[in-house]
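*Asks:* Kindly generate the corresponding structure for this input.
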Amino acid sequence: VQLVESGGGLVQPGGSLRLSCAASGFSFSTYSMTWYRQAPGKERESVASIGSAGGSTHYADSVKGRFTISRDNAKNMVYLQMNSLKPEDTAVYYCNALKINWGRRFEYWGQGTQVTVSS
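*Replies:* Now for the predicted structure:
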């Protein structure tokens, strides 16, 4: 099982980045996918999630209207389009896959990609 994030980097305030997460080794289309982030000295927080079929999305209040999560089940990919970035968006962003089936929890994490918003 692998989740590999990419697309992070250094961007100026107001700029945009698109994060990608490539999944392999599990039935991607049956898992909900979530982007989390963790800033230095802070707890990991959920940023955006999307249902297995892509029809249901949820966002943290702090990113609503600026970030968009999407997925392509044919390519086993999930994306996070981040616009109007702010310095407080600086964090390591992680891709998460989750399925709860018959009371059993199946969950996988990527290694993270650094996003730095600074002038």
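
*Asks:* For the rest of this, base every contact and every neighbour count on C-alpha atoms.
*Replies:* Will do.

*Asks:* which residues in the protein form strands?
*Replies:* 2-6, 9-11, 17-24, 32-38, 45-50, 57-59, 67-72, 77-82, 91-101, 104-109, 113-117 (DSSP state E).

*Asks:* so can I have CSV of those strands showing mean pLDDT and mean neighbour count?
*Replies:* Output for the strands of the chain, formatted as CSV (pLDDT from 0 to 100; neighbours: other C-alpha atoms under 10 Å):
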stretch, mean pLDDT, mean neighbour count
strand 2-6, 97, 19
strand 9-11, 97, 15
strand 17-24, 98, 20
strand 32-38, 98, 23
strand 45-50, 98, 21
strand 57-59, 98, 17
strand 67-72, 98, 20
strand 77-82, 98, 21
strand 91-101, 97, 20
strand 104-109, 96, 12
strand 113-117, 98, 21
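
*Asks:* Please tell me I have it right and Thr30 contacts Lys99.
*Replies:* Yes. With contact defined as C-alpha atoms under 8 Å, Thr30 counts as touching Lys99 (7.2 Å).

*Asks:* Show me the beta-bridge partners of the residue most central in space within the chain.
*Replies:* Nearest to the geometric centre of the chain sits Trp35, at 2.3 Å (C-alpha atoms, centre = their mean). With DSSP bridges as the criterion, Trp35 is bridged to Ala48, Cys95.

*Asks:* and the gap between it and Val92?
*Replies:* Distance, Trp35 to Val92, by C-alpha to C-alpha, to the nearest Å: 10 Å.

*Asks:* One more: Thr68?
*Replies:* Relative to Val92, and taking C-alpha to C-alpha, Thr68 is found at 17 Å.

*Asks:* if I look at the residue nearest to the centre of the chain, how far off is Glu45?
*Replies:* 9 Å.

*Asks:* same question, Gly54
*Replies:* Going from Gly54 to Glu45 by C-alpha to C-alpha gives 21 Å.

*Asks:* and the gap between the residue of the chain positioned farthest from its centre and Leu85?
*Replies:* Ranked by distance from the centre of the chain (C-alpha atoms, centre = their mean), the top residue is Trp102, with 25.5 Å. Counting by C-alpha to C-alpha, the gap from Trp102 to Leu85 is 39 Å.
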